[in-house]
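*Asks:* Show me how the following folds:
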Amino acid sequence: MSPKVSEEHLRQRRNKILTAAKRVFIEHGYERTTMKHVMEAAEVSRGGLYQYFSNKEDLYEAILEENMTQIISKNQKILAGEVDSYWNLLLQRIFGKDGQPDDEMDPLAPSNLEFFITGRNDQRRRKYGQSRYRHGFMLYADVIKAGQKKGEFSSKYDSDLVAKSIISFIDGLALDHAILPKEEIQLKKQSELFIEYLKLALHVR
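*Replies:* Presented below is the predicted three-dimensional model:
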């Protein structure tokens, strides 16, 4: 009789695979990464890997979902309480914890582009991409709506329109980062300029 494996052990092993897979996708990109790469990086057997993920697509979606779920949950908890500055919260959602732009792009951004662009004609991946877009969209829209309701932001422009503009800006930078030489990219300066656009749109003083 084989010994029972605890839920905690299964969770830890799954997290170990996801952490290793993330490193592999960053190194090789989505298209060039294979399940064998992940097996070797995570130091698991073929059976051990396929116990959790049936293919590379499942694995990558799990990485994307884990990050998005954490951010959405945190955002909802913050908005349910007292918020000192919706502007600062919006900047944190766009640029990360410190809310300040820099010259570093999310290292998974090129793989994300590969995943969605190469799968644009695949029904499952297209459906997933649309769902992920809506989640990302609401992440920004919820903050903007709350800020408008409290009077911190102007309601001159619809919150949905501003949220969509944020996504377009971020996706555009990710595309530039993936295809242009490093010396041609000005992530921080372009982001600082975009912040000024947002200030004008939302009448932030």
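
*Asks:* Could you identify the helix or strand that succeeds the longest helix along the chain?
*Replies:* Counting residues, the longest helix found in the chain (DSSP state H) is helix 123-149. Using DSSP states H and E, the helix or strand that directly follows helix 123-149 along the chain is helix 159-179.

*Asks:* Quick one: list the elements packing against that following helix.
*Replies:* Using 3 or more Cβ pairs under 8 Å, 6 or more residues apart in numbering; DSSP states H and E as the contact criterion, the elements in contact with helix 159-179 are helix 109-118, helix 123-149, helix 187-202. Where you see a C-beta, it was placed from the backbone N, CA and C, and this is true even at glycine.

*Asks:* Switch those over to a markdown table; also include mean pLDDT, mean neighbour count and distance to Glu61.
*Replies:* Below are those laid out as a markdown table (pLDDT from 0 to 100; neighbours: other Cβ atoms under 10 Å; distance: least, Cβ to Cβ, whole Å):
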| stretch | mean pLDDT | mean neighbour count | distance to Glu61 |
| --- | --- | --- | --- |
| helix 109-118 | 90 | 18 | 9 |
| helix 123-149 | 93 | 17 | 6 |
| helix 187-202 | 97 | 15 | 26 |
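
*Asks:* Could you dump these into a markdown table and include distance to Arg32?
*Replies:* As requested, the helices and strands packed on helix 159-179 are exported to a markdown table (distance: least, Cβ to Cβ, whole Å):
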| stretch | distance to Arg32 |
| --- | --- |
| helix 109-118 | 9 |
| helix 123-149 | 17 |
| helix 187-202 | 24 |
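
*Asks:* So which of these is nearest Ser6?
*Replies:* The closest of these to Ser6 is helix 123-149. By Cβ to Cβ, the value is 30.8 Å.

*Asks:* tilt between the closest one and helix 159-179?
*Replies:* 130 degrees (axes from the mean of the first three to the mean of the last three Cα atoms, to 10 degrees).

*Asks:* Tell me how far helix 123-149 lies from the chain's centre.
*Replies:* 11 Å (Cα atoms, centre = their mean, to the nearest Å).

*Asks:* I'd say Ile78 and Asn88 touch.
*Replies:* No: contact criterion Cβ atoms under 8 Å: Ile78 and Asn88 do not qualify, at 10.8 Å.

*Asks:* With neighbour numbers in mind, choose between those two.
*Replies:* Ile78 (17 against 12; other Cβ atoms under 10 Å).

*Asks:* Alright, I will stop here.
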